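Q: Below is the sequence, then the predicted model.
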There are 2 protein chains.
Amino acid sequence: MQASPLRNEETPTEAPSPRQQAVLDAALTLMVEGNDPLTMDAVARRASCSKETLYKWFGDRDGLLTATVRWQASRVHAGRYEVSGLDAATLRENLLDFAESWLAVIASRTSVALNRIAIAEAGSRKSNLGGIVLANGRFAIGERVKPVLEAGRAAGLLAFEDSETAFRTFFGLVGRDIQIRLLLGDALDLDAAGIRSDAARAVEQFLALYGQANP
Amino acid sequence: MQASPLRNEETPTEAPSPRQQAVLDAALTLMVEGNDPLTMDAVARRASCSKETLYKWFGDRDGLLTATVRWQASRVHAGRYEVSGLDAATLRENLLDFAESWLAVIASRTSVALNRIAIAEAGSRKSNLGGIVLANGRFAIGERVKPVLEAGRAAGLLAFEDSETAFRTFFGLVGRDIQIRLLLGDALDLDAAGIRSDAARAVEQFLALYGQANP
DNA sequence: TGCGTACCGTACCGTACGGTACTGTTGACC
DNA sequence: GGTCAACAGTACCGTACGGTACGGTACGCA
């Protein structure tokens, strides 16, 4: 089990124009509503544009989906974290922040809808939607968390050999069964309070496993 | 976040006849191969039966998918575990066994294909495939693991308040990012050795969090 | 031997949807 | 005002696929 080749899929291409953003937002809205099966007709109607324009801008259906996923991802990315001179409280706070924001993302209707489409598409080859979602979700957050973990280790607050393995444990403690249940249609509603307490529990468990008193 | 209403979906209806089982196996094979998009035509051709028979036996496409999921589930369920007079070694062994078999399931091509279809279907209402997969996967294993955890607590080997919460932590430690990565098409191959070491790590971590010396 | 049942194979139907073509209409620029 | 590009709206095409109908065959049963 070595590094996956999926991590450099972020390739933002050029940013969509405001009108194109409106179209992509329409597509997102339709996905999230989830009543109709996201047909090109439906997007065109919702966005008040012609199908011909859709095809001109995005090439084909897959291009539209790809652009939509990228557009959504571009709005989720947050700034990087400060990792120099880490103390225990700051480390805990950073991890808590990651856990909360990650839970908020995977519990959002947008994420569920996007992941459903990417997973469905990943079944039938000929589209890299799954890779894009992974690159902007799971792998993007891994690349942001691992420096924090490594800084924690450098500061003597954490002990682990491989930051990737440590992160995957953190990921499991935070996400548990939430994402698969939501993807499969379980009703499971996580409100803000539930997210906070889940995130806190995950962080405490992670620190119990990997933390050590600053020597 | 309370109990989900999905847990009594196992309703096995009557068992399929041998010929019907062959048809369902054909459907499974097609799903796993994943080249064509599991059309009724393809199933009929692969199973050497007529579409009319398919519709007569299973009602419609959704009925066929449902029967296929149930058929697969009926083969995965293993026997229950002995939970009386648990000692530390037996507890660890039981947990290890659960973790290994669960990892083997979610890493199998069959599980990935089935979950993909159920997730795709869960997007467009009108089908309870997702509920069935959940009931026979995540919830079924939960109902089998929780008695073991509770027996461990009764024997003074584990400490927790809520067995559901403890199980969800175990679930997260075992599965981590594996299922979502596979669903999204990541290549990630887990061989038997990888599964064993992953399972062992998860069990040790779980015991580090919830275990306590027998008083 | 005739009849009914269960089934395969295949032709067929209707519709949904991806993709294209055509006809305005608007607005920028000369 | 004339010209052109971009675009909305819509009609249209081809195909894939869910679902149905029907002819043909094998087999059990009287």
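A: Right, received. Where do you want to start?

Q: give the contact list for the residue most central in space within chain A.
A: Computing the C-alpha centroid of chain A and ranking residues by CA atoms, centre = their mean puts A:Gly137 first, at 2.9 Å. By CB atoms under 8 Å, 6 or more residues apart in numbering or on different chains, A:Gly137 lies in contact with A:Ala73, A:Val105, A:Ser111, A:Asn115. Backbone N, C-alpha and C define where each C-beta goes, glycine included.

Q: which strands and helices sit next to whatever helix or strand the first one lives in?
A: Assignment of secondary structure by DSSP states H and E places A:Ala73 within helix A:61-76. Where contact means 3 or more CB pairs under 8 Å, 6 or more residues apart in numbering or on different chains; DSSP states H and E, helix A:61-76 is packed against helix A:18-33, helix A:40-47, helix A:51-58, helix A:109-123, helix A:129-136.

Q: Can I get the ones you listed in a markdown table including mean pLDDT and distance to DNA strand C?
A: Converted to a markdown table, the helices and strands packed on helix A:61-76 look like this (pLDDT from 0 to 100; distance: least, CB to the nearest atom of the strand, whole Å):
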| stretch | mean pLDDT | distance to DNA strand C |
| --- | --- | --- |
| helix A:18-33 | 93 | 11 |
| helix A:40-47 | 95 | 4 |
| helix A:51-58 | 95 | 4 |
| helix A:109-123 | 93 | 11 |
| helix A:129-136 | 94 | 14 |
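
Q: thinking again about what came up before, which among the contacts of A:Gly137 gets closest to DNA strand D?
A: Nearest to DNA strand D among the contacts of A:Gly137 is A:Asn115, at 22.5 Å by CB to the nearest atom of the strand.

Q: gap between the nearest residue to A:Arg19 once chain neighbours are set aside and B:Phe206?
A: Distances taken as CB to CB, 6 or more residues apart in numbering or on different chains place A:Cys49 nearest to A:Arg19, at 8.0 Å, with adjacent residues excluded. Separation of A:Cys49 from B:Phe206 (CB to CB, to the nearest Å): 53 Å.

Q: So which of the two has more stuff around it?
A: B:Phe206 (25 against 17; other CB atoms under 10 Å in any protein chain shown).

Q: on that earlier part again, determine which stretch of the helices and strands packed on helix A:61-76 is the most buried.
A: Among these, the stretch with the highest mean neighbour count (mean count of other CB atoms under 10 Å in any protein chain shown) is helix A:129-136, at a mean of 24.

Q: what packs against that helix?
A: helix A:61-76, helix A:109-123.

Q: Now A:Leu158, what are its backbone angles?
A: Phi and psi for A:Leu158, reported as degrees, to the nearest 10, are phi -130, psi 150.

Q: ok, now A:Gly211?
A: Per-residue torsions, A:Gly211: phi -80, psi 160 (degrees, to the nearest 10).

Q: residues contacting it?
A: By CB under 8 Å, 6+ apart, A:Gly211 lies in contact with A:Leu157, A:Leu158, A:Ala159.

Q: What separation do you get for it and B:Gly172?
A: Shown here: A:Gly211 relative to B:Gly172, a distance of 18 Å by CB to CB.
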